[in-house]
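Trainee: Provided below for reference: sequence and predicted model.
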Amino acid sequence: MSIAQAAPSVWGFYPGQHDGAGGDFGTTDRFINARMIGIGWPSTGNLEVFVGRNNAMPGLEQRLLEIYRHEPRIASLSQADRDTWSRRSAGIINRFLNEAKQGDIVVYACKADEQVHTGKISNTANGRYFYDGATAVNLRLHWHFHHFRAVDWLSAVPYSQCTDEELRQVRTQNTFWRMKSCPERFMAEPSR
C-alpha cells in the first residue's frame, strides 16, 4: 500500500518596493541565472534558527519588532500598525522558510524581462534555505535580498502572450504567497 504524495503547492513570487522587498533585481540574471528567489528584511540576519519550526511566527514577529523598531517608517506607526506590520512580515518570511517545500512550484512575473517564469523549489547544497551574509556589497547576490531559496527554472511565457487575467493572478504587490489558483499554462512542464 503506497501513500499518495500530496500535490505540490504553487507559490507566487513578486518582489516589489514595499515591506521587506527591495524591488525587482533589475535583470533576470540574479534570479534566473542564479537559480534563486529571495526576500528582503536584510537587518534580520541569518534566519536558519526558524527553519523547520512548526510555530516560528511568534519568534519572527518579536525579532522583526526588535530589529526594525527604530527604522523611521516603522517607528512612526501606531502600536497597532506596528503589530500588523510584524504579523504580515513574519507571515511572508514563515511561508518562505517553512511552508514552501522542495518540489513546490514557484511562479515569478519578472518586470525586467516581461516574462512569467515557472520553476520548482529545490535545495541548495547547504539545505533548503540560503542566507547571503556577505559583508562586501560586491560579493552579495543582491544589495537588499539576503534570504534565498533555490529554484530550478523550467519555463517562461512572455507577458505579451498572457491575458490580463493571467497577469493579474501572478503579478500582485505581495512578496511571496500561496496561490489559490494559477493559470494552467504556467504549470505545464516544458516540452523536451
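Mentor: Yep, it's here.

Trainee: which residues does residue 44 contact?
Mentor: Shown here is residue 44, whose contacts under the criterion CB atoms under 8 Å, 6 or more residues apart in numbering are 63, 64, 67, 93, 146, 147. C-beta coordinates here come from the backbone N, C-alpha and C atoms, glycine included.

Trainee: typed the wrong thing, it's residue 104
Mentor: Residues counted as contacts of residue 104 (CB under 8 Å, 6+ apart) are 8, 9, 10, 11, 120, 121.

Trainee: swap in residue 11?
Mentor: Contacts for residue 11 (CB under 8 Å, 6+ apart) come out as 95, 100, 104, 105, 106, 107, 121, 176, 177, 178, 179.

Trainee: of these, just say which sits nearest to residue 41.
Mentor: residue 176 (11.5 Å; CB to CB).

Trainee: got the buried residues for the strand or helix carrying residue 12?
Mentor: Assigned by DSSP states H and E, residue 12 belongs to strand 10-13. Within strand 10-13, the residues that count as buried by 16 or more other CB atoms under 10 Å are 10, 11, 12, 13.

Trainee: the last one reaches residue 178, doesn't it?
Mentor: No - contact criterion CB atoms under 8 Å: residue 13 and residue 178 do not qualify, at 11.1 Å.

Trainee: would you mind checking the average pLDDT for the top helix by length along the chain?
Mentor: Taking DSSP state H as the criterion, the chain has its longest helix at helix 79-94. Summarised as a single mean, pLDDT over helix 79-94 is 94.
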